[in-house]
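# can you look at this prediction? I've put the sequence above it.
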Amino acid sequence: TPEDRALIEGFQERDEEPLDGPLPVVAIVGRPNVGKSTLVNRVLRRREAVVEDVPGVTRDRVAYEAEWAGRRFTLLDTGGWEATPEGVFLKVAEQAEVAIEMADAVLFVVDAMVGATDDDEAVVRLLRRSGKPVVLVANKVDDLHQEAEAAALWNLGLGQPWPVSALHGRGSGDVLDAMLDVLPEVSAVASQGPSDGLRRVALLGRPNVGKSSLLNKLAREERVVVDDVAGTTRDPVDELIELGGRWWRFVDTAGIRRRVHQTRGADFYASLRTQTALEKAEVAVVLIDAEESVAEQDLRVITQVVESGRALVVAFNKWDLLDEERRYYLEREIERELVQVQWAPRVNISARTGRHVDKLVPALETALESWDTRVPTSRLNSVVGEIVSGHPHPVRGGKQPRILFVTQASTRPPRFVVFASGFIEAGYRRFLERRLREEFGFEGSPVEISVRVRE
Ligand code: GDP
Ligand code: GDP
C-alpha cells in the first residue's frame with residue numbers, strides 16, 4: 001500500500017549510517033539513587049519508539065546508542081555500577097573516574113531534594129580536574145515549587161543547575177539541549193584518530209589468554225607506530241601495525257600493555273575495558289585459551305562483541321600446548337558452547353611460537369567484508385520470498401503472519417527490517433537469519449533482524 005511505501009522509504013532514509021567517525025560519548029554520573037537510570041530511560045525512549053524490536057538489546061548494558069534532537073551519541077549508563085557482578089562495592093568516586101575518562105561530556109546528576117553531599121563534592125573535584133564539559137542536572141524537581149532547591153546547587157561551582165524531573169520528564173528536554181551544545185560532533189575519546197581509513201581491531205579476552213603476547217608477536221615482526229590519540233586523558237593509545245601488506249589500527253592497546261591487575265573489581269574493569277575497546281573497534285579478535293575449558297567469562301566477552309554489533313574473529317591461543325586428546329575435547333566444547341557464533345571465523349594460533357598467526361589477517365578481512373555487506377533490496381526480497389514460500393510462518397490463532405517486504409536498513413553490521421502483517425515468532429526469526437546466512441554468508445558478522453508489524 002502507499003502507506004507501507006512511505007513508511008519503508010522513511011525508514012531507509014533515516015538509517016543511513018554515518019561514515020564520519022565514532023559517536024561522541026555522554027556519561028551519566030552521580031551517586032546511587034539520584035535518578036541516573038531514570039534519566040537514561042528518558043533519553044532512550046524516543047529511540048526505542050523507533051526501533052522497538054532489536055534483539056540483543058538488554059537492560060544490563062553499559063553503553064547505548066541514543067539520539068536527541070536529531071543527533072546521535074553513545075550514552076554511558078553508570079546506574080548499577082556500584083554493585084559489580086562480583087559483588088564488589090565501588091565507591092562513587094571510583095565509578096565516576098572511570099566514566100569521566102570514557103566520556104566526551106558528562107551529565108552530572110544530583111538529587112536536588114537531598115542537596116549536595118560529600119560524595120557529590122568528591123565527584124565535582126574529579127570533574128573539574130578532567131576539564132570535560134559538564135552539565136549539572138538537579139534532579140527530582142517534580143514541580144515549580146521545588147526549583148529553589150535546584151538553585152542551591154549553584155554552590156557546586158559547575159555553572160547553572162538544570163531543574164529536571166527525570167521521572168516525569170519535566171525540564172529533561174532543556175538539559176539535553178544544553179548537553180548537545182557542549183558535546184563535540186565526533187568523539188575525541190572513542191577516536192578513530194585522524195580519519196585515516198585504517199580498519200580498527202580490538203584484541204579481547206579474559207586475563208591471561210595471551211592478548212599482550214599476541215600483540216607483541218604482531219608488533220615485533222611487523223612495522224608498528226604508536227598513536228597517542230590527541231586530547232584524551234590517560235594513555236588510550238592505539239598501535240598501528242602493518243600486517244599482510246596493509247596497516248591496521250589496534251585500538252586501546254595501552255589497556256593490554258599496562259596490565260594493571262586491579263585487585264578489587266578486576267572482572268568489572270576488564271568488562272569495561274572490553275566495552276571501551278569495542279566502542280572504538282570495527283572488528284574484535286576474541287582470544288580463548290585453548291588449553292582450558294571455554295569459560296563463562298569467554299562467552300561473556302563474545303556476547304559483548306555481538307551485542308555491540310561488531311565483527312568477530314575467534315582465536316584459540318596456546319595451540320602449542322595441546323595434545324591430541326585435548327584437541328578432541330576442545331572440538332566438542334566448541335560445538336557445544338559456541339553454537340551461537342558458529343558464523344565467526346576461527347583461527348588456532350600460538351602467540352608464543354607464531355603458529356598460524358598469519359591466518360589472522362584473512363580472517364579479519366573476511367569478517368569486515370561481511371560486516372560491510374549490503375544486499376540489494378530486490379535480491380533480498382526475491383530470496384526471502386523463496387525462503388518464505390518454501391517454509392511459511394506457522395499459523396497462529398487461525399492467522400498466518402505474512403512477510404510484506406524486507407529491506408536492509410544499514411550495514412556494519414547488516415541490519416534487516418522485516419515488515420510483516422502480524423507478529424513473527426522468535427523461532428521463525430532465527431530460521432530467517434539462518435537461511436539468510438546460508439544464502440549470503442555474512443561470515444564473521446552479526447546480523448540483526450527486526451520486525452515491524454503493520455497494524
Ligand atoms: P540511580 O541509582 O541513580 O540510577 O537512580 P534511579 O534512576 O534508579 O532512581 C532512584 C529512585 O529515584 C527511583 O525510585 C526513581 O523512581 C526515583 N526518581 C528518579 N528520578 C526522579 C524524579 O525526577 N523525581 C522523583 N520524585 N523521583 C525520581
Ligand atoms: P593477557 O593477560 O591476555 O595479556 O595474557 P599474556 O599475553 O600476558 O599471557 C599470559 C601467559 O600465557 C603468559 O605467561 C604467556 O607467556 C602465556 N602465553 C601466551 N600465549 C601463549 C602461547 O601461545 N603458548 C603458550 N605456551 N603460552 C602462552
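Done, it's in. Ligands and ions are numbered 1, 2, ... in the order given.

# switch to C-alpha atoms for all contacts and neighbour counts from now on
Will do.

# tell me where the stretch 101-250 of the chain has strands.
105-111, 134-139, 161-163, 199-204, 224-228, 237-243, 246-250 (DSSP state E, counting those that start in this stretch).

# compare those and say which comes out lowest on pLDDT.
Per-stretch mean pLDDT for the strands of the stretch 101-250 of the chain is lowest at strand 224-228 (a mean of 59).

# quick check: which element contains F73?
Secondary structure assignment for F73, by DSSP states H and E: strand 71-77.

# pipe the strands of the stretch 101-250 of the chain into JSON lines and attach distance to V339 per row.
Listed next are the strands of the stretch 101-250 of the chain as JSON lines, based on distance: least, CA to CA, whole Å:
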{"stretch": "strand 105-111", "distance to V339": "39"}
{"stretch": "strand 134-139", "distance to V339": "44"}
{"stretch": "strand 161-163", "distance to V339": "49"}
{"stretch": "strand 199-204", "distance to V339": "19"}
{"stretch": "strand 224-228", "distance to V339": "36"}
{"stretch": "strand 237-243", "distance to V339": "30"}
{"stretch": "strand 246-250", "distance to V339": "27"}
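
# just send those strands back as JSON lines, with mean neighbour count and distance to W319 too.
Listed next are these as JSON lines, based on neighbours: other CA atoms under 10 Å; distance: least, CA to CA, whole Å:
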{"stretch": "strand 105-111", "mean neighbour count": "26", "distance to W319": "44"}
{"stretch": "strand 134-139", "mean neighbour count": "28", "distance to W319": "48"}
{"stretch": "strand 161-163", "mean neighbour count": "26", "distance to W319": "57"}
{"stretch": "strand 199-204", "mean neighbour count": "24", "distance to W319": "17"}
{"stretch": "strand 224-228", "mean neighbour count": "15", "distance to W319": "25"}
{"stretch": "strand 237-243", "mean neighbour count": "21", "distance to W319": "21"}
{"stretch": "strand 246-250", "mean neighbour count": "20", "distance to W319": "23"}
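
# quick one: closest of the ones you listed to R402.
For the strands of the stretch 101-250 of the chain, the distance to R402 is smallest for strand 199-204, at 39.7 Å, taking CA to CA.

# would you mind writing the CA trace of the closest one as CSV?
Output of strand 199-204 as CSV, limited to C-alpha atoms (Å, rounded to 0.1, in the frame of the first residue of the first chain):
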residue,chain,number,x,y,z
ARG,A,199,40.4,-0.8,9.9
ARG,A,200,40.1,-0.8,13.7
VAL,A,201,40.7,-4.0,15.6
ALA,A,202,40.3,-4.8,19.3
LEU,A,203,42.1,-7.7,20.9
LEU,A,204,39.9,-9.0,23.6
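
# adjacent strands (with direction) for it?
Strand pairing for strand 199-204, determined by DSSP bridges: strand 246-250 (parallel), strand 283-289 (parallel).

# and that strand with ligand 2, contact?
No - remark: strand 199-204 sits outside contact range of ligand 2, by CA under 6 Å from any ligand atom, the gap being at least 7.8 Å.

# what angle do strand 237-243 and that strand make with each other?
Interaxial angle, strand 199-204 versus strand 237-243 (axes from the mean of the first three to the mean of the last three CA atoms, to 10 degrees): 110 degrees.

# now the helices for the stretch 51-200 of the chain?
Using DSSP state H, counting those that start in this stretch, the helices found in the stretch 51-200 of the chain span residues 92-102, 118-130, 147-151, 172-182.

# tell me which residues in the longest one are buried?
Same thing as helix 118-130. Neighbour counts over helix 118-130 (16 or more other CA atoms under 10 Å) mark 120, 123-124, 126-127 as buried.

# how about the third one?
Neighbour-count burial for helix 147-151, counted by 16+ other CA under 10 Å, picks out 147, 149-150.

# quick one: list the elements packing against that helix.
In terms of contacts (3 or more CA pairs under 8 Å, 6 or more residues apart in numbering; DSSP states H and E), helix 147-151 is packed against strand 161-163.

# let's see it at 6 Å
Contacts defined by 3 or more CA pairs under 6 Å, 6 or more residues apart in numbering; DSSP states H and E place helix 147-151 against no helix or strand at all.

# and the contacts of it?
112, 138, 163 (CA atoms under 6 Å, 6 or more residues apart in numbering).

# doesn't N139 make contact with the first one?
Yes - counting by CA atoms under 6 Å, A112 sits close enough to N139 to count as a contact (5.5 Å).

# what does the stretch 51-200 of the chain put close to ligand 1?
Residues of the stretch 51-200 of the chain lying close to ligand 1 (CA under 6 Å from any ligand atom) are 79, 139-142, 165-167.

# low-scoring stretches of the stretch 51-200 of the chain, by residue?
Applying pLDDT under 70 to the stretch 51-200 of the chain flags the ranges 51-63, 79-91, 189-196.

# go again using 50 as the cut-off
Where the stretch 51-200 of the chain drops to pLDDT under 50, the residues are 51-61, 82-88, 191-194.
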